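**Student:** sequence? don't have it. structure:
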């Protein structure tokens, strides 16, 4: 004999409820694995004061550890960022120093070339002066001969 439709629906609901209850218990026990918590889960709802204090201390210690870990991570990030910034600044100033040195060397070369050109021009001017003096003396001699 088949059960009535309503009874069959109740069986499915009860099966679903029991599966949900098992899943909830498994979840609960997965995250609370201490004997005191297991007693609490079994129906012992009286929480001893010492146990509650112990749990609060453990919670506070865990928070402090987490906070100190977060602090160390934050400090590491800041130090890493500062090192990257320092390296970028060093590279920038190294490039600037190289550019300035190249510009200085170029100016020194131009100065040396200008000095050499001035020296050559002075030599040419001296030759011209000598030639001019020589010509003027020659022209003086020519004038003296014509007179």
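**Tutor:** Perfect, thanks for sending it. Values in this document were obtained by computation on a predicted structure and should not be read as measured data. Residues are numbered from 1 along each chain as shown.
**Student:** now the helices for this protein?
**Tutor:** Under the criterion DSSP state H, the chain contains helices at 5-31, 35-41, 49-146.
**Student:** worst mean pLDDT among the ones you listed?
**Tutor:** Lowest mean pLDDT within those: helix 35-41, at a mean of 58.
**Student:** list the residues that contact residue 70.
**Tutor:** Applying C-beta atoms under 8 Å, 6 or more residues apart in numbering, we find residue 70 in contact with no residue. For the C-beta atoms, the positions are set from N, CA and C on the backbone; glycine is no exception.
**Student:** so how far is residue 113 from it?
**Tutor:** From residue 70 across to residue 113, the span is 64 Å (C-beta to C-beta, to the nearest Å).
**Student:** try residue 106
**Tutor:** Per C-beta to C-beta, residue 106 is found 11 Å from residue 113.
**Student:** then residue 85?
**Tutor:** For residue 85, the distance to residue 113 equals 42 Å [C-beta to C-beta].
**Student:** please apply the same query to residue 121.
**Tutor:** As for residue 121, its distance to residue 113 is 12 Å (criterion: C-beta to C-beta).
**Student:** also residue 18?
**Tutor:** Applying C-beta to C-beta, the value for residue 18 to residue 113 is 100 Å.
**Student:** kindly report the same for residue 77.
**Tutor:** Relative to residue 113, and taking C-beta to C-beta, residue 77 is found at 54 Å.
**Student:** now swap in residue 11 and tell me
**Tutor:** 106 Å.
**Student:** same question, residue 56
**Tutor:** Separation of residue 56 from residue 113 (C-beta to C-beta) stands at 85 Å.
**Student:** residue 90 now?
**Tutor:** Separation of residue 90 from residue 113 (C-beta to C-beta): 34 Å.
**Student:** got it, and residue 65?
**Tutor:** Distance, residue 65 to residue 113, using C-beta to C-beta: 71 Å.
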